[in-house]
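J.: with the input below, show me the fold.
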Amino acid sequence: MKTQCYNPYLPLWEYIPDGEPHVFGNRVYLYGSHDRAGGTKFCMNDYVCWSADVSNLKQWRYEGVIYRRDQDPRMKDGTRQLWAPDVVRGKDGRYYLYYCPDGDGEAIGVAVCEEPAGTYEFYGIVHDKEGRLIGKREGDIWQFDPGVFIDDDGKIYLYSGNGPKTEADVGRSPKSSCVMELSDDMLTIKEEPRRLIPILGESDGTGFEGHEFFEASSIRKIGECYYLIYSSVRSRELCYAVSDHPDRGYEYGGVVSDNSGIREEAGQKRMQIMWGNNHGGIEQINGKWYIFYHRPTNRTQFSRQGCAEPIIFSEDGKIVQAEMTSQGLNGKPLDGKGTYPAAIACILHGKEELGISRPYTLGQPYVTQDMPDFSPEKSMQQTENKEEVPYPYLTQISDGAVIGYKYFAFHNLCTISVKIRHADGELYVKMIGKEDGNETKLCRIPLKRSEEWTEVSAEIIPEALSEVLQENSPGIWQEEPKGQIGTLLFTYHGSGSMEFLEFSLN
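T.: Numbers count the residues shown, from 1 in each chain. Here you go, the predicted structure:
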C-alpha cells in the first residue's frame, strides 16, 4: 500500500482533466474528461473513472471505461470528443452522467448507471417540455461544461454555458452562464434557462470585473450557502461565487486555484510554471475540503493531468486560495527520504517569461513521455511482451532553468541523487524554508553529457548538515516527521537541453 502521494495524484501516465470529485458511500469517485498523451485535440479518449477510499487518498483505484463516445447517437462514428462531465445520484438511486460533445451549440447528453463506476448507458438529451433540445433552439444559450446538483428540497438544477474570453469575442455568439431546473426525469427542463453570473461585457459594477465567467460550472452546497466554482476569463484560474440561493443572487468570492502558481493575495505575483485552461470542483472528503484542478503537460493544452490541494474556509465563509504544490493530497510534506519522479514539479521555468503551454513555447521546460498514450485495458489484454508503463520526465531544461517541489520535510539528509541525460554542467540544489523563507544551499551536482539516463550524486555540504538537516531539527508543522519543512529547488547551469527523470534524497 502506498504511504505517500503527490501531484498529479493519479499515475503519471494518466491524463484526466476537468476533475469532478463526488463522495458516494465510503469512496470518492473522480469523473473528468480524458486527454491523450501527446494529443492533438482536447478529450480524445473515452470517459474512465478512478476512486479512492475516503480515509486513504493516497491509493486510487482504476475503475475502467465507464462511457464511450460512440454510445451517444450523435457520435456513432467515434471521431468526436466527450468534453467535461459531471455526475449526480438521482432521487431514484441511479447515477446520472451529464456531458457535452465537442462543437459549438451542442445539447447536453445524459447517461445513466446503477452504480457510480459501472458501465453507463445513453439515456437521452436535455430538452424542453415540447421535446426540443436545449442549445439547438433559435436564440438558445450555448450549452457547455454541465454541472448538476440536487438540493435538499429535491429540486434538480443543471448549470451550463460559457462566455467570451476577450473583448473582441463579446456579442459574437449566444454565450452566457446559465441555470435551469430539471424535472424528476433528469432530462426535461421545468423552466427556461436563466442567466446566472456575469460574462465579459456585462460585469461592470458587479464585483466580477477581471474574473468574469468563462466556463466550467461546478456547484456545491455548504451549510446554507451555494458555492459555484467556475473558470474565469483568465482561463488558468478557478474562481468561486457564492449565494443564499441555488439559481440567483451570486456574488464574486475570489480565486480558489491558479495553475500558473500565482497567488496574488499571498504576494506570489510571478508565474511559477507554464499554464493552461483550468476546470475542477471542490469536495468534502472525510471531513476536509479539497479543490481538484488540472495542469498542462507536453507543451500543449491537450494533455492535462489532474492535481488537487486541500482548501480552508475563513470564518466568514471565504475560500482561501490554495497553493499549487507537489505534495497535494498527501496531507503533509513529502518525506525527505526516498525517490521521487521529477515530473511532480510545481515550479518549472526557464529564464524567459512564462506563458501558456503551447507547441511553439520555446525556452521553457515541460513534462513529456517517450512512449505513446497508455491504456490499462490494452495492457491487461496482452498475454506476452506486456506493454511497459510510461514514465514521464522533464525535458527542454536549459541554462538557468529552475525546478521546484513543495514541500519536503528534510531530516538526516546526506546525499542527493538525480537521474538525467543530455546535460553538461551543474545542478545547484537548495532549500527554502516554508515558514521563514531562508535559503539553505544543499549541494552542487556536476553533470557530464550522456545520451542514456545516468544517475549522479553529491553529498550535502557540511554547513547545511549543521544548520537545518539534523534529525533533531525543530518541526514546524503539526504531526509532521521531524525536520525542516521547505521547498526543494534545482537550478541548472550548463549547456545542452537537460532531461530529468527522477531524484533521490538519502
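J.: and the longest strand for the chain?
T.: strand 484-495 (DSSP state E).
J.: how far off centre is that one?
T.: The chain centroid and the centroid of strand 484-495 are separated by 24 Å under Cα atoms, centre = their mean, to the nearest Å.
J.: which strands border it, and is each parallel or antiparallel?
T.: If you go by DSSP bridges, strand 484-495 pairs up with strand 402-410 (antiparallel), strand 424-433 (antiparallel).
J.: just name the most buried of those.
T.: Highest mean neighbour count among the strands paired with strand 484-495 (mean count of other Cβ atoms under 10 Å): strand 402-410, with a mean of 24. For the C-beta atoms, the positions are set from N, CA and C on the backbone; glycine is no exception.
J.: return that one as CSV; C-alpha atoms alone will do.
T.: Backbone C-alpha positions of strand 402-410 (Å, rounded to 0.1, in the frame of the first residue of the first chain) are rendered in CSV as follows:
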residue,chain,number,x,y,z
VAL,A,402,14.5,26.3,-12.2
ILE,A,403,12.7,23.1,-11.0
GLY,A,404,11.0,23.1,-7.6
TYR,A,405,9.0,20.9,-5.3
LYS,A,406,6.7,22.0,-2.4
TYR,A,407,7.1,20.7,0.3
PHE,A,408,9.5,18.3,1.8
ALA,A,409,10.3,17.5,5.5
PHE,A,410,14.1,17.2,5.4
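J.: end to end on stretch 209-229, go ahead and measure it.
T.: Using Cα to Cα, to the nearest Å, the gap from the first to the last residue of stretch 209-229 comes to 16 Å.
J.: just the mean pLDDT for that stretch, thanks.
T.: What stretch 209-229 shows for mean pLDDT is 98.
J.: repeat that for stretch 365-385.
T.: Regarding stretch 365-385, the rounded mean pLDDT is 75.
J.: what about L182, neighbour count?
T.: Taking other Cβ atoms under 10 Å as the criterion, the count of residues near L182 is 22.
J.: for T454, same thing?
T.: 16.
J.: what residues sit buried inside stretch 102-118?
T.: Of the residues in stretch 102-118, 102, 106-113, 116-117 count as buried by neighbour count, 16 or more other Cβ atoms under 10 Å.
J.: before we move on, the earlier item: buried stuff in the longest strand of the chain?
T.: By neighbour count, and taking 16+ other Cβ under 10 Å as the criterion, the buried residues in strand 484-495 are 484-492, 494.
J.: for stretch 137-156, same thing?
T.: Neighbour-count burial for stretch 137-156, with 16+ other Cβ under 10 Å as criterion, is recorded at 140-150, 156.
J.: contact partners for the closest residue to P73 other than its chain neighbours?
T.: With sequence-adjacent residues excluded and distances taken as Cβ to Cβ, 6 or more residues apart in numbering, P73 is closest to F122, at 7.0 Å. Under the criterion of Cβ atoms under 8 Å, 6 or more residues apart in numbering, the neighbours of F122 are 71-73, 109-111.
J.: hmm, try it at 6 Å
T.: Remark: with contacts taken as Cβ atoms under 6 Å, 6 or more residues apart in numbering, F122 is in contact with 71-72, 111.
J.: what is the neighbour count of E265?
T.: Using other Cβ under 10 Å, E265 is surrounded by 9 other residues.
J.: just confirm it is within a helix.
T.: Yes. Using DSSP: H, G, I helix; E, B strand; the rest coil, the secondary structure at E265 is a helix.
J.: okay, it: pLDDT?
T.: If you check E265, the pLDDT there is 85.
J.: do you know how far it is from E323?
T.: Distance, E265 to E323, by Cβ to Cβ, to the nearest Å: 11 Å.
J.: returning to what we had before: and the buried residues of stretch 102-118 as JSON lines, adding pLDDT, secondary structure and distance to D244?
T.: Converted to JSON lines, those look like this (pLDDT from 0 to 100; DSSP: H, G, I helix; E, B strand; the rest coil; distance: Cβ to Cβ, whole Å):
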{"residue": "D102", "pLDDT": "92", "secondary structure": "coil", "distance to D244": "36"}
{"residue": "E106", "pLDDT": "89", "secondary structure": "coil", "distance to D244": "32"}
{"residue": "A107", "pLDDT": "97", "secondary structure": "coil", "distance to D244": "31"}
{"residue": "I108", "pLDDT": "98", "secondary structure": "coil", "distance to D244": "26"}
{"residue": "G109", "pLDDT": "98", "secondary structure": "strand", "distance to D244": "31"}
{"residue": "V110", "pLDDT": "99", "secondary structure": "strand", "distance to D244": "29"}
{"residue": "A111", "pLDDT": "99", "secondary structure": "strand", "distance to D244": "32"}
{"residue": "V112", "pLDDT": "99", "secondary structure": "strand", "distance to D244": "32"}
{"residue": "C113", "pLDDT": "99", "secondary structure": "strand", "distance to D244": "33"}
{"residue": "P116", "pLDDT": "99", "secondary structure": "coil", "distance to D244": "30"}
{"residue": "A117", "pLDDT": "98", "secondary structure": "coil", "distance to D244": "34"}
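J.: what helix or strand does P21 sit in?
T.: Using DSSP states H and E, P21 sits within strand 20-24.
J.: quick check: what element follows that strand along the chain?
T.: Sequence-wise, the next helix or strand beyond strand 20-24 is strand 27-31, with elements assigned using DSSP H and E.
J.: give me the residues contacting that next one.
T.: Outside of strand 27-31, the residues that reach it under the criterion Cβ under 6 Å, 6+ apart are 19-22, 49-54, 85, 87, 116-117, 285.
J.: out of these, who's nearest Y366?
T.: G19 (20.7 Å; Cβ to Cβ).
J.: any idea how far that closest one is from I66?
T.: Here G19 is placed at a distance of 14 Å from I66 (Cβ to Cβ).
J.: which one of those two has more residues nearby?
T.: Neighbour tally, G19 and I66, criterion other Cβ under 10 Å: the higher count belongs to G19, 27 against 23.
J.: off-centre distance for stretch 7-14?
T.: For stretch 7-14, the separation from the chain centroid amounts to 10 Å (computed by Cα atoms, centre = their mean).
J.: can you say which two of the contacts of strand 27-31 are spatially most distant?
T.: Within these (distances taken as Cβ to Cβ), the two that end up farthest apart are D53 and P85, at 22.6 Å.
J.: between those two, which one's more packed in?
T.: A side-by-side neighbour count of D53 and P85, using other Cβ under 10 Å, places P85 first with 27 against 16.
J.: pretty sure that one is touching C100, no?
T.: No. P85 sits out of contact with C100 when judged by Cβ atoms under 6 Å, with a separation of 8.3 Å.
J.: mind giving me the domain split of the protein?
T.: Residue ranges of the domains in the chain are recorded as 20-330, 334-505, according to automatic domain parsing.
J.: how about TSV for the ones you listed, with distance to C5 added?
T.: Formatted as TSV, the domains of the chain follow (distance: least, Cβ to Cβ, whole Å):
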stretch	distance to C5
domain 20-330	4
domain 334-505	9
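J.: the ones you listed: which one's closest to W13?
T.: W13 sits nearest to domain 334-505 of all these, at 4.2 Å, using Cβ to Cβ.
J.: where does this protein have its least confident helix or strand?
T.: The helix or strand of the chain with the lowest confidence, counting by mean pLDDT, DSSP states H and E, is helix 462-467 at a mean of 60.
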